[in-house]
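Participant: Fold the following and give me the result.
(chains A and B)
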Amino acid sequence: MKSENAVELRDIEMHFNMSKEKFDSLKELFLRFVTRRLMFEDFIALNKVSFDIPKGDVFGIVGLNGSGKSTILKIISGILTPTKGKVETDGTIAPLIELGAGFDLDLTARENIYLNGSVLGYSKKFMDEKFDDIVEFSELREFLDTPMKNYSSGMVARIGFAIATITKPDILIVDEILAVGDFKFQEKCEQRINSMINGDTTVIIVSHSIDQIERLCKHCAWLEKGKLKMIGDAKEVCNAYKNQGTN
Amino acid sequence: MNNKKGMKKIFEDMKKFSPLLINLTSRDFKVKYRRSVLGVLWSVLNPLFTMLVITQVFGHLLKVSVPNFATYYIVGWSIWNFFSEATSLSMGSILGGASLIKKVYMPKYIFPLEKCLFALINLAFSLIAVIAVMLIQGVYPTWTALLAPLPILYCFVFSVGFGLILSAMTVYFRDIQHLYSVLLTVWMYLTPVIYPVSLIEDNAFMNTVVHLNPLFYYVDYFRNVMMYGVVPSLVDNLVCIGIAVISLVIGGFVFSKAQKKFILHI
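Facilitator: Below is the predicted model of the structure:
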């Protein structure tokens, strides 16, 4: 791996076995096997995708629904293992794939902050130090000891965002999450992401908002049906992407 | 990824995610007792009530003759119940952690391991009941009770290994969840928890089956140190350790092979 790169993807292929219907039980599997209907449809979510993301870059990924954007984020963050190919990353990764993953709604916000912090691999001591910052940013101090099942979805998202961005990770992965909360909170989120961008953090953003990608990103990749269609300067790629229907 | 790097990653993960392990365990604990008036006291009361029922049914109605039957039962039961709880909870743990596994990278073995730890804490509380029953019946523990952590540790390792296998298999075949509760019932009757070993010694077949049952050795070991004041021999220890290690190795192997595709099935 070259030292100037934060992420290197080499010939990534991701196959999914799409059985016509999913079987979850032995009986079904057995019946299918006996009746020789055990068929899989090989679905290729990503087909030989290779690119590098240099350190400190703000990298956007665009594409239509089902083009493999989220799959590639999951591969970079280590949640999915690619069927073929090699992925290498350098540094700590903070995934913002879904805010509030790992909240237990029966617990209070205070308990959940520690739980979610440990989900992201932070120590208790670290969370003690950052606890006030998180509460401050989420503006929910008075509800700290309320069970989170009584929270609105916007409140859950606030806490989630505050925890996930509490450190300056080496690589920040952002998947469509800026669409949560009211406009004031969205502004606050974007500010925080901007302050990370101005630091040394490499940011990878997936969004359907082309404006957002053009505004924030330096480089951009365009995926179409699992293949890399175009990669390069964010403005050029976004223009080509926007114009695809017209010519 | 070569092997050396893989091992290094396992140790790094363990260190990084040990707070998660602790937090998940304490979450289970909090959720279990939240809103119950007596709370954690139930962990002590439950074994006592079960013991009362069993001693009435088996001791008085079916005339199982074991000296200090109540103690005999609850000491054996506590180890059995630990295993049963740890493995049943482990079984569904990967499915239960699906929302996390799909969204954040974390070592997946943390889920079955956490359930085993949770069961271990419950065991600690039921030991209060065990000691209470012993004192009431006048079976005073000797210094050998200090060896009690050993069989618990052996049984813990065994349960983790078994839990790893179960949790991985359940992801692919949900039927196991239903099958396992039946298997556990059979397994319990093949472990001398309610009856003395002498009861089945004449039946060669049953005797063999019971001696092939790993739980027999843990229950036996635990009773020896807790109520009989017997120090288990080196061979006893080696057998217990051997079974535990085999279980952990197989469990670890099966789990590591299976885990890459978990995410496609949960």
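Participant: what's near enough to touch B:Val57?
Facilitator: Neighbour list for B:Val57: empty [criterion: CB atoms under 8 Å, 6 or more residues apart in numbering or on different chains]. Using the backbone N, CA and C atoms, a C-beta is placed for each residue, glycine as well.
Participant: Isn't B:Pro214 up against B:Gly242?
Facilitator: No. Contact criterion CB atoms under 8 Å: B:Pro214 and B:Gly242 do not qualify, at 9.6 Å.
Participant: More neighbours: which of the two?
Facilitator: Taking B:Pro214 and B:Gly242 together and counting by other CB atoms under 10 Å in any protein chain shown, B:Pro214 has the greater number of neighbours (21 against 13).
Participant: ok, and the closest non-adjacent residue to the more buried one?
Facilitator: Once flanking residues are discounted, B:Pro214 sits nearest to B:Ile243: 4.5 Å by CB to CB, 6 or more residues apart in numbering or on different chains.
Participant: Please name every helix or strand in contact with the helix or strand harbouring B:Ser256.
Facilitator: Per DSSP states H and E: B:Ser256 is located in helix B:234-258. Contact partners of helix B:234-258 among helices and strands, from 3 or more CB pairs under 8 Å, 6 or more residues apart in numbering or on different chains; DSSP states H and E: helix B:149-172, helix B:214-223.
Participant: Throw those helices into JSON lines and include mean pLDDT, thanks.
Facilitator: Formatted as JSON lines, these follow (pLDDT from 0 to 100):
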{"stretch": "helix B:149-172", "mean pLDDT": "96"}
{"stretch": "helix B:214-223", "mean pLDDT": "95"}
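Participant: May I see those arranged in TSV, with distance to B:Ala119 as well?
Facilitator: Shown next, in TSV, are the helices and strands packed on helix B:234-258 (distance: least, CB to CB, whole Å):
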stretch	distance to B:Ala119
helix B:149-172	7
helix B:214-223	14
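Participant: Point out the residues in chain A that sit beside chain B.
Facilitator: Residues of chain A lying close to chain B (CB under 8 Å from any CB of the partner chain) are A:16-17, A:24-27, A:29, A:77-81, A:93, A:95, A:97-98, A:101-102, A:104, A:106-107, A:111, A:114-115, A:117-124.
Participant: and those, which are buried?
Facilitator: For these, a neighbour count by 16 or more other CB atoms under 10 Å in any protein chain shown gives the buried set as A:29, A:77, A:79-80, A:93, A:95, A:97-98, A:101-102, A:104, A:107, A:111, A:114-115, A:117-122.
Participant: which non-adjacent residue is nearest the spatially most central residue of chain B?
Facilitator: Nearest to the mean C-alpha position of chain B, by CA atoms, centre = their mean, lies B:Phe83 at 1.8 Å. Counting by CB to CB, 6+ apart, B:Ser159 is the residue found nearest to B:Phe83 once chain neighbours are left out, at 5.2 Å.
Participant: Can you give me the neighbour number for B:Ser181?
Facilitator: Other residues near B:Ser181 come to 11 when the count uses other CB under 10 Å.
Participant: check contacts around it.
Facilitator: Contacts of B:Ser181 by CB under 8 Å, 6+ apart are B:Ser88.
Participant: try A:Leu26
Facilitator: For A:Leu26, the contact set (CB under 8 Å, 6+ apart) comprises B:173, B:175.
Participant: got it, and B:Val245?
Facilitator: B:Val157.
Participant: Distance of it relative to B:Leu153?
Facilitator: Separation of B:Val245 from B:Leu153 (CB to CB, to the nearest Å): 12 Å.
Participant: B:Tyr140 - nearest residue in space that isn't next to it in sequence?
Facilitator: B:Met134 (7.1 Å).
Participant: How confident is the prediction for the one you found, by pLDDT?
Facilitator: Listed pLDDT for B:Met134 reads 94.
Participant: Buried residues, the one helix or strand it maps to. List them.
Facilitator: Element membership for B:Met134 (DSSP H and E) is helix B:110-137. Across helix B:110-137, burial judged by 16+ other CB under 10 Å covers B:110-120, B:122-123, B:125-127, B:129-131, B:133-134, B:137.
Participant: helices or strands next to that helix in the packing?
Facilitator: Other elements packing on helix B:110-137 under the criterion 3+ CB pairs under 8 Å, 6+ apart are helix B:3-33, helix B:41-54, helix B:69-91, helix B:93-96, helix B:149-172.
Participant: What is the distance between the third one and the centre of its chain?
Facilitator: Pointing back at helix B:69-91 there. Put simply, helix B:69-91 sits 6 Å off its chain's centre (CA atoms, centre = their mean, to the nearest Å).
Participant: which bits of the stretch 1-150 of chain B sit near chain A?
Facilitator: B:16-17, B:19-20, B:22-24, B:27, B:30-31, B:34, B:99-106.
Participant: could you flag which of those residues are buried?
Facilitator: Buried among the residues of the stretch 1-150 of chain B next to chain A by 16+ other CB under 10 Å: B:16-17, B:19-20, B:23-24, B:27, B:100-106.
Participant: that older thread, distance to A:Ser138 added to the helices and strands packed on helix B:110-137, as JSON lines?
Facilitator: Below are the helices and strands packed on helix B:110-137 laid out as JSON lines (distance: least, CB to CB, whole Å):
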{"stretch": "helix B:3-33", "distance to A:Ser138": "19"}
{"stretch": "helix B:41-54", "distance to A:Ser138": "35"}
{"stretch": "helix B:69-91", "distance to A:Ser138": "32"}
{"stretch": "helix B:93-96", "distance to A:Ser138": "27"}
{"stretch": "helix B:149-172", "distance to A:Ser138": "34"}
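Participant: and those helices, which one is worst for confidence?
Facilitator: Among those, helix B:3-33 carries the lowest mean pLDDT, at a mean of 82.
Participant: quick check: angle from that helix to helix B:69-91?
Facilitator: For helix B:3-33 against helix B:69-91, the angle by axes from the mean of the first three to the mean of the last three CA atoms, to 10 degrees is 120 degrees.
Participant: Which parts of chain A are helices?
Facilitator: In chain A, the helices defined using DSSP state H lie at A:26-34, A:69-76, A:109-119, A:124-138, A:153-164, A:183-198, A:210-216, A:234-242.
Participant: how about the CA coordinates for stretch A:228-245, as PDB?
Facilitator: This file holds the C-alpha atoms of stretch A:228-245, laid out as PDB (Å, rounded to 0.1, in the frame of the first residue of the first chain):
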ATOM      1  CA  LEU A 228     -16.900   2.100 -12.200                       C
ATOM      2  CA  LYS A 229     -18.100   4.400 -14.900                       C
ATOM      3  CA  MET A 230     -16.100   7.500 -14.300                       C
ATOM      4  CA  ILE A 231     -13.600   8.900 -11.700                       C
ATOM      5  CA  GLY A 232     -11.900  12.200 -11.400                       C
ATOM      6  CA  ASP A 233     -12.500  15.800 -10.500                       C
ATOM      7  CA  ALA A 234     -15.800  16.100  -8.600                       C
ATOM      8  CA  LYS A 235     -17.300  18.900 -10.800                       C
ATOM      9  CA  GLU A 236     -16.600  17.000 -14.100                       C
ATOM     10  CA  VAL A 237     -18.000  13.700 -12.800                       C
ATOM     11  CA  CYS A 238     -21.000  15.400 -11.300                       C
ATOM     12  CA  ASN A 239     -21.700  17.200 -14.600                       C
ATOM     13  CA  ALA A 240     -21.400  14.000 -16.600                       C
ATOM     14  CA  TYR A 241     -23.700  12.300 -14.100                       C
ATOM     15  CA  LYS A 242     -26.300  15.000 -14.300                       C
ATOM     16  CA  ASN A 243     -26.200  15.000 -18.100                       C
ATOM     17  CA  GLN A 244     -26.400  11.200 -18.500                       C
ATOM     18  CA  GLY A 245     -30.100  11.300 -19.300                       C
END
